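**Student:** the sequence and its predicted three-dimensional model are supplied below.
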Amino acid sequence: MSLAVTSTVRDETVTLAVQGEIDMSSAQEFRRALNDAPDGSRLVLDLTGVDYLDSAGVKVLYDHLGRRPELVVSSGAVILRVLAITGLGDLLPVREI
């Protein structure tokens, strides 16, 4: 499955809605979307459409810890376990919906 990232800006918040799998083949596209998000804005990553997150995607998130993106994840999603195992769930705000 390919990756799709949609960016919206409202007030001082940039939301990146991510759909698909974040893996070795799509991590660069994910990184580019995060790099292109305006600095100084609140950054929200809507990961409710993400089916899979591997170590390449985790690395991208670690590389962007300084931006403190808020992660929005579906309750019970498999990636919640990945966030817990890697410690990202402790380092970044995670909101389950």
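**Tutor:** Okay, I see it. Residues are numbered from 1 along each chain as shown.
**Student:** only C-alpha atoms for contact and neighbour calcs from this point on.
**Tutor:** OK.
**Student:** show me where the chain has its strands.
**Tutor:** Secondary structure of the chain (DSSP state E): strands at 4-10, 13-22, 42-53, 70-73, 94-96.
**Student:** right, so of those strands, which gets closest to residue 32?
**Tutor:** Nearest to residue 32 among these is strand 4-10 (10.0 Å), distances taken as C-alpha to C-alpha.
**Student:** now tabulate the strands of the chain in JSON lines and tack on mean neighbour count and mean pLDDT.
**Tutor:** Output for these, formatted as JSON lines (neighbours: other C-alpha atoms under 10 Å; pLDDT from 0 to 100):
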{"stretch": "strand 4-10", "mean neighbour count": "14", "mean pLDDT": "93"}
{"stretch": "strand 13-22", "mean neighbour count": "20", "mean pLDDT": "96"}
{"stretch": "strand 42-53", "mean neighbour count": "19", "mean pLDDT": "95"}
{"stretch": "strand 70-73", "mean neighbour count": "19", "mean pLDDT": "97"}
{"stretch": "strand 94-96", "mean neighbour count": "15", "mean pLDDT": "95"}
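**Student:** output those as a markdown table; include the columns distance to residue 29.
**Tutor:** Shown next, in a markdown table, are the strands of the chain (distance: least, C-alpha to C-alpha, whole Å):
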| stretch | distance to residue 29 |
| --- | --- |
| strand 4-10 | 8 |
| strand 13-22 | 9 |
| strand 42-53 | 14 |
| strand 70-73 | 18 |
| strand 94-96 | 22 |
